[in-house]
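S.K.: Here's my sequence, what's the structure:
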Amino acid sequence: MEDKLQINYKFQSNELRLLLELLKVEGKINLKTNQPRSLKDFNWDHFLELVKHHRCCPLVYSKLRNTHESLIPSYIIEELYQEYKRNTFKMLQLTGEMEQVDKLCTEKHITLLFLKGPTIAYDLFGDISLRMSKDLDILVLEKDLEKTEKILLSMGYEKREIPMVLNEIKWRHYHITYYHTQKKIQIEIHWRLHPRSMEGGNFKELWSRKRESSLTKHPISFMGKEDLLLYLISHGSRHGWFRLRWLKDIDQMVRSNNINYEHFNLLAIKYRQEHLVGQAFQLANLLLGTPLHEDIQKFVVTERATELAKKAIPYIEEMVQLNVDVKPRDLDKSYRNYLFSIKSKRQKLKFFVILFYPSSTDEQTLKLPKTIHFLYFLLRPFLIVWRKIRKPLFS
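M.R.: Alright, predicted model coming up:
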């Protein structure tokens, strides 16, 4: 199968190549026999920067912790250990918070489906300390959004306010962010898996295939194997795979879970994500040696999957930050073009429809009384052009 893959790429960075080798192997690694070219001119500071950027500190530490300091500087091991320790405490904190939120919501008859976080770490690695998470992502029914928000606010969370007009948030967005300043915990409440233009399973479908985690005494619900694999793929694709951690999730899931590929393929086709599956597995196979099941070959060996995989490689290699609101102009344009390229024809049509829905930017450009906000639907095309050629108008 591997020789049929059209993508063929070798990273020039010794530091990135070592990181990939560490993520590939099971158990500890012997640097004497698994080193890229030579460690004499190796930039350990850059290697540490790469590991942190790709959010792989716990896994890398677990592979290198007993390595002799003649092969790797002791300060590198110490820094990795501190990151590992911080992550362990963070994951324990998130686990406790996850359980408490779920209990409070259950009491109010609100059903929650946890998308990532400690449940995924435990499911993939059997150890929550080996995967890094900064927040909790929770899917709820749209009708339960207000009740869920009340519970979070009562716990001391603060809502991140988003400027909007005409209920823009539910049309243009798919989650709301809450942050606890004392606990330093962020929770994202989703009412859809993805942005509106991208298709995905609704809550009831996902709930019917849910699993319950054995991580906590109180039962925590999370996605079924095939739903989770497709979600991780679509999430990584939307972010250009700029963190290797997301590809390692795919690799780990394929190796540690008995995936029903017949069901998985049907889901990929139903939600028009075959090309994203092909991209993900091309990258995972190339970079991490992820096994390719024969049932997904039809998605992997395609020109589009190869094209999309090639587009993601610079984001991985150049250590870009695609999760920041303000990006350099050339990167912002490149990423917007990339996001458009991963959409199916139907998703592109939806994207253009959504493009004409009014946004808070329109209100900033030309302020209108709330009673006539509906006029933004007619004015939006003109306001977009105006922003291109002039500074905003203020009434």
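
S.K.: Going along the chain, name the helices of the stretch 251-395 of the chain.
M.R.: Under the criterion DSSP state H, counting those that start in this stretch, the stretch 251-395 of the chain contains helices at 261-270, 274-288, 297-300, 303-317, 329-341, 345-355, 360-365, 376-389.

S.K.: Identify whichever of those helices lies nearest to M155.
M.R.: Closest approach to M155 among the helices of the stretch 251-395 of the chain (CB to CB): helix 360-365, 27.9 Å. C-beta: built from backbone N, CA, C; applies to glycine.

S.K.: Disregarding residues adjacent in the polypeptide, which is nearest to L230?
M.R.: Closest residue to L230 apart from its sequence neighbours, by CB to CB, 6 or more residues apart in numbering: L267 at 5.3 Å.

S.K.: Tell me if I'm right that that neighbour and G200 touch.
M.R.: No. Between L267 and G200 there is no contact under CB atoms under 8 Å: 9.3 Å.

S.K.: By mean pLDDT, flag the weakest helix or strand of the protein.
M.R.: Ranked by mean pLDDT, DSSP states H and E, the weakest helix or strand in the chain is helix 168-172, scoring a mean of 57.

S.K.: Other residues contacting the helix or strand just after it?
M.R.: Later in the chain than helix 168-172, the nearest helix or strand by DSSP states H and E is strand 175-180. For strand 175-180, contacts defined as CB atoms under 8 Å, 6 or more residues apart in numbering pick out 137, 145, 149, 152-153, 155-160, 162, 169, 185-192.

S.K.: Same question for stretch 122-133.
M.R.: Residues outside stretch 122-133 that contact it (CB under 8 Å, 6+ apart) are 55-59, 62, 84, 87-88, 90-92, 94-95, 116-118, 120-121, 211, 213-215, 222, 228, 245, 249, 252-253, 256-257.

S.K.: starting at the chain centroid, how far to that stretch?
M.R.: 15 Å (CA atoms, centre = their mean, to the nearest Å).

S.K.: same check, this time on stretch 281-288
M.R.: 17 Å.

S.K.: residues making contact with it?
M.R.: Outside stretch 281-288, the residues that touch it by CB under 8 Å, 6+ apart are 2, 5, 7, 9, 20, 23-24, 241, 244, 247-248, 250-251, 254, 290-292, 296, 299-300, 305-306, 309, 312-313, 316.

S.K.: In PDB, please show the C-alpha coordinates belonging to it.
M.R.: This file holds the C-alpha atoms of stretch 281-288, laid out as PDB (Å, rounded to 0.1, in the frame of the first residue of the first chain):
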ATOM      1  CA  PHE A 281      -4.200   8.900   6.800                       C
ATOM      2  CA  GLN A 282      -1.600  10.000   4.200                       C
ATOM      3  CA  LEU A 283       0.000  12.300   6.700                       C
ATOM      4  CA  ALA A 284      -0.200   9.800   9.600                       C
ATOM      5  CA  ASN A 285       1.300   7.000   7.500                       C
ATOM      6  CA  LEU A 286       4.100   9.200   6.100                       C
ATOM      7  CA  LEU A 287       5.000  10.800   9.400                       C
ATOM      8  CA  LEU A 288       4.200   8.200  12.000                       C
END
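
S.K.: hmm, back to that, what is in contact with L267 and G200 at once?
M.R.: Contacts common to L267 and G200, judged by CB under 8 Å, 6+ apart, are L230.
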